[in-house]
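1. sequence-free structure coming up:
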Ligand SMILES: [Mg+2]
Ligand SMILES: [Zn+2]
């Protein structure tokens, strides 16, 4: 490949160090790619041309001095719910239009400290609520494999950008599958780390007890490298994990011999695309052939995960999003009283899905319903965690499809919220449990749409999770690229 | 448990000014979603402790030290309306 | 006629005087410039997260400990959801189930009668910003718009909730004073009602004496002194009695005290009752207060007002003086030291709570800034009981000592206030006076005690007030028996 935008992070990092090209060249290539693909995809909301240029130039100076930081000069994209100082941050909501934060979130600061070049901010479902990136106030993103289909969501912009090379890597956030499901639908790798491994400070909250920042990349080692740059305790987030971080990339080459892999029996069946199920089974067979011991595992409470999630996440979001009311920042719609101003601002500023979830959460928490809904959901959460804990007593990792279907047509699931919610059926349980999970591409369906394979591990089990993911990547050798990522495509 | 929602009250609690049509539509959708969510009630949870945090951690504090606040310009930069260093809002209804 | 009994419970908010706010590093001690002590956290910018201030937690535990509470082993933070423009997140981080401290009590005295007020809970909260209503009236009614300053937003706040154990406005006030003394003694707050660092809400209901049922209560807010709390409660009790006796009924409502008019007024009636949708704050970890931590709090507990007061009484101060000394910080310590050096407690207590307090107030100074020490007090007391100084002269000497004129003896000498203690010299004056007033002497001898005052006065006049009046009296008695 001759275009620098097609390099993996590992290749680019090596090339920069070998002086084959410099960081500004790399940024130029990525921006050229964006100039072509953005008209088709709308992966980005904001391209920070000045900031990225400055960072690339600074990286080049540091590279000359032999600076060893692995992400130095690597162009990456950030989901627009990650707060970036001085760069518009909207979470794809009208209510935050034009907001330029006076601070950087912790993960953002760590990436800057690592020398990464932040190309821009990517599109998402408004406040990360959705599974298709159609719920963006600024228009949907599209899937580079087929622009009539969605890239998944809510980190759809980040996934699309990585898939086409308008960033070499990206970060998203995952509350119920929002990194893994778009990774699955775009043929990229996406990981949700253990809850608490990455600071949430500066991540615009959707559901605080579920949200985690994580990487999207073209390869498993790239995803590991990105994740390593942001993990670790942060004094600004009391829910961040205060212990030793797992050795994420230590065992990438070790293989799966001797590992026990559990196949979740509940995550298969009629509701799943047959081609998804086939690809999943084929991957499991390969893992078995490669030396893993495969067993079937039942997690009975997982059947209730979706229901519990759709009580817990809206409840938390109803409070988290209360701060958007037109007083201190963002949109204001005038009213004769402050109360009226707030209510009008929120009606105008929030899109339908966000409004729906705020109402749902408000109701679920209100007097008389708390215990039946929110309280019960939190107890179900305990049962789900217990199921996982029991399972991890028997196996090292659990596997399943990432998404029950491949990419679906834009507009095909927007009528009934429940059909859209079902897109997260495989991913939600690990958010409830707080465990890490990763999606790795394992093939294309007969319409040329990518299929993702999910690997789940116990809390802080990132090492074994990445180990299995890397082996899947080797075994499957998924090299297909979307047509949009090839140079013959031009802007319309 | 049949789901019945006083959507007007919920919208008021959430401070979202909805039209009557919107309220009717959201009301219906909420009932639909909650009927599905009610499945959680099928699971017996007697004696099960609720999980509020995925990791069982306790006690994270900061020590009582002052850090630099934002400059006032930064604090007010995003505000829709300001006056003399204050955030300005319309008159407030007495509680 | 029904006899009514008032049932009162108090909710008190106290701002803690930490250096930084409850959940961020912004300073608590901010100036008048609005929005200069704010950051992403206390301004509730998107993405910001709270981190609790350990010292604030300790402050709350120490208050709970001083109020004889159980310090909860496992405590939780909750979100209390309501929209109000001075509340940046539109939820307040507070506590709901499992507050930090529960089940305490505080004894309060009114006119020598002690009542135990149960403390339901002591919990953590954060303060709101401040609203200024701009318009002709300067009040919320009739305002054209409102200006918001978030400097105070996030200042640590403690809420102390009592059981409905209080029965009179006087008890409520005594409770308020005692709580104020305690938080001041703990050094966790200046607890000033005028400045809002201590704020009382009173839940008041009435019921026929002997009834066990609780009547419908009203909640009175906006009292900014202990005196106005007492007045507001008294007003509210009278109002409720009048309403009930004229056949009306009491509504569950919030009423605001109007200091100028001396009445409580209803707030806007709420169409819907409050629904705070409390739930455990997922941004904050549970608190675990282990035995060691609880012990540390207990070990650090300073001598509390009740203990001080008891000690001063035990040393010999009367009730009023003991109260005054307890409230007057440094003076209590001076009192104890002077008594330890042998001074008569009653005498020293009277001086300290009289002349000394008046002097300090007049001169706007602290006792530490004067030359008054425990030993000078002890010497002065000695001179008085030993007959070197009259009570009046002693006060004059005290003024001299406070003004820095030297030690008591030097001051007494310089001001020529020492009493004549030479018995022979006084006896000579007594003899002279008795000679001049034979009828008076005669009456005394006949058993009529009346003339003694007159005769003592004559001798005092003759000695220029420097004779010890007791000695003069004794001498006259002796002469009448001769
Ligand atoms: Mg309170
Ligand atoms: Zn602050």
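-> On my side now, so go ahead. If you're wondering where the values come from, they're calculated on a predicted model, not measured in any experiment. Numbering: from 1, shown residues only, chains lettered A, B, ... in the order given. Ligands and ions are numbered 1, 2, ... in the order given.
2. quick one: find the helix or strand in chain B with the lowest mean pLDDT.
-> Here the helix or strand of chain B ranked lowest by mean pLDDT, DSSP states H and E is helix B:20-37, holding a mean of 93.
3. indicate whether that helix makes contact with chain A.
-> Yes. With C-beta under 8 Å from any C-beta of the partner chain as the measure, helix B:20-37 is seen reaching chain A through B:26, B:29-30, B:32-34, B:36-37. The way it works is simple: take the backbone N, C-alpha and C, and place the C-beta from them, glycine included.
4. how near is the residue positioned nearest the centre of chain B to residue A:15?
-> Nearest to the mean C-alpha position of chain B, counting by C-alpha atoms, centre = their mean, stands residue B:14 at 7.0 Å. From residue B:14 over to residue A:15 the distance is 52 Å, taken as C-beta to C-beta, to the nearest Å.
5. run a quick neighbour tally on residue 47.
-> In the absence of a named chain, chain A is used. Residues near residue A:47, counting by other C-beta atoms under 10 Å in any protein chain shown, number 18.
6. wait, chain B was what I had in mind.
-> Going by other C-beta under 10 Å, the residues that sit close to residue B:47 add up to 6.
7. next: residue C:49.
-> Here the number of neighbours of residue C:49 (other C-beta under 10 Å) works out to 25.
8. now do the contacts for it.
-> The contact partners of residue C:49, by C-beta atoms under 8 Å, 6 or more residues apart in numbering or on different chains, come to A:200-201, A:236-239, C:41, C:283.
9. next one: residue B:69
-> Residues in contact with residue B:69 (C-beta under 8 Å, 6+ apart) are B:75, C:26-27, C:36-39.
10. show me these that map onto helices.
-> With helices defined by DSSP state H, the entries of these inside them are residue B:75.
11. and the furthest pair within the contacts of residue B:69?
-> In the contacts of residue B:69, two members sit farther apart than any others by C-beta to C-beta. They are B:75 and C:27, at 14.0 Å.
12. of these two, who's got more company?
-> The residue with more neighbours, out of residue B:75 and residue C:27 and counting by other C-beta under 10 Å, is residue B:75; that gives 27 against 18.
13. next one: the more buried one from chain A, what distance?
-> Here residue B:75 is placed at a distance of 8 Å from chain A (C-beta to the nearest C-beta, to the nearest Å).
14. isn't residue C:372 right next to residue C:356, touching?
-> Yes. Between residue C:372 and residue C:356 a contact is recorded at 6.8 Å, counting by C-beta atoms under 8 Å.
15. any common contacting residues for the two?
-> Looking at what touches both residue C:372 and residue C:356 (by C-beta under 8 Å, 6+ apart), the common residues are C:398, C:402.
16. which residues touch the residue nearest in space to the middle of chain C?
-> The C-alpha lying nearest the average C-alpha coordinate of chain C belongs to residue C:177 (C-alpha atoms, centre = their mean; 4.0 Å). Contacts were defined as C-beta under 8 Å, 6+ apart; by that measure residue C:177 touches residue C:226.
17. quick check, pLDDT for the residue of chain B found nearest ligand 2.
-> For chain B and ligand 2, the shortest gap (C-beta to the ion) falls at residue B:69, measuring 6.1 Å. At residue B:69 the predicted local distance difference test score is 97.
18. next, give phi and psi for residue C:401.
-> When read as degrees, to the nearest 10, the backbone of residue C:401 gives phi -60, psi -50.
19. do you know how far it is from chain B?
-> Here the distance between residue C:401 and chain B works out to 41 Å (C-beta to the nearest C-beta).
20. same thing with residue A:67?
-> Counting by C-beta to the nearest C-beta, the gap from residue A:67 to chain B is 29 Å.
21. was I right to think that residue contacts residue A:115?
-> Yes. In this structure, residue A:67 sits in contact with residue A:115. The criterion is C-beta under 8 Å, and the distance is 6.9 Å.
22. with neighbour numbers in mind, choose between these two.
-> A side-by-side neighbour count of residue A:67 and residue A:115, using other C-beta under 10 Å, places residue A:115 first with 22 against 13.
23. secondary structure class for the more buried one?
-> The three-state assignment at residue A:115 reads coil, by DSSP: H, G, I helix; E, B strand; the rest coil.
24. could you find the closest non-adjacent residue to it?
-> Counting by C-beta to C-beta, 6 or more residues apart in numbering or on different chains, residue A:115 lies nearest to residue A:72, which is 3.4 Å off, once chain neighbours are set aside.
25. now swap in residue C:167 and tell me
-> Take residue C:167 and drop its neighbours on the chain: the residue closest to it by C-beta to C-beta, 6+ apart is residue C:6, 5.8 Å away.
26. got phi/psi on residue C:12?
-> When quoted as degrees, to the nearest 10, the phi and psi of residue C:12 stand at phi -120, psi 130.
27. cool, and residue C:118?
-> Given degrees, to the nearest 10, the pair of backbone angles that residue C:118 has is phi -70, psi 140.
28. wait, it touches residue C:163, no?
-> Yes. Here residue C:118 reaches residue C:163: they are 3.3 Å apart, a contact under C-beta under 8 Å.
29. just to revisit the earlier point, list the contacts of the residue nearest to the centre of chain B.
-> By C-beta under 8 Å, 6+ apart, residue B:14 lies in contact with A:318, A:346, A:358-359, A:362.
30. residues near residue 312, how many?
-> In the absence of a named chain, chain A is used. By other C-beta under 10 Å, the residues close to residue A:312 number 32.
31. I was thinking of chain C, sorry if that wasn't clear
-> Quick note: residue C:312 (other C-beta under 10 Å) scores 24 neighbours.
32. do residue B:56 as well
-> Neighbouring residues of residue B:56 were enumerated by other C-beta under 10 Å; the total is 11.
33. is it in a helix, a strand, or coil?
-> The assignment at residue B:56 comes out as coil when based on three-state DSSP.
34. any weak-confidence spans in chain B?
-> Counting by pLDDT under 70, the low-confidence segments of chain B come to B:1-2, B:94-95.
35. ok, which stretches of it are helices?
-> B:7-13, B:20-37, B:72-76.
36. in chain A, what helix or strand scores lowest on average pLDDT?
-> Sorting the helices and strands of chain A by mean pLDDT, DSSP H and E puts helix A:417-421 at the bottom, at a mean of 85.
37. on that earlier part again, closest to chain C out of the helices of chain B?
-> When the helices of chain B are compared by C-beta to the nearest C-beta, helix B:72-76 sits nearest chain C, at 5.0 Å.
38. tell me the residue of the stretch 251-400 of chain C that sits nearest ligand 2?
-> The nearest approach of the stretch 251-400 of chain C to ligand 2 comes at residue C:283, 14.8 Å away (C-beta to the ion).
39. residue A:239 is in contact with that residue, correct?
-> Yes. With contact taken as C-beta under 8 Å, residue C:283 and residue A:239 are classed as touching, separated by 6.6 Å.
40. hey, what's in contact with both of the two?
-> Common neighbours of residue C:283 and residue A:239, using C-beta under 8 Å, 6+ apart, are A:208, C:49.
41. tell me the bridge partners for residue A:400.
-> In this entry, residue A:400 is beta-bridged to residue A:454, by DSSP bridges.
42. enumerate every residue touching it.
-> Applying C-beta under 8 Å, 6+ apart to residue A:400 gives the contacts A:263-264, A:267-268, A:280, A:426, A:454, A:456.
43. repeat that for residue A:401.
-> For residue A:401, the set of contacting residues under the criterion of C-beta under 8 Å, 6+ apart consists of A:184, A:267-268, A:272, A:276-277, A:279-280, A:426, A:451-454.
44. let's see 7 Å
-> A:267, A:272, A:276-277, A:280, A:426, A:453-454 (C-beta atoms under 7 Å, 6 or more residues apart in numbering or on different chains).
45. nearest to chain C among those residues?
-> Sorting those by distance to chain C puts residue A:426 at the head of the list, at 23.5 Å, by C-beta to the nearest C-beta.
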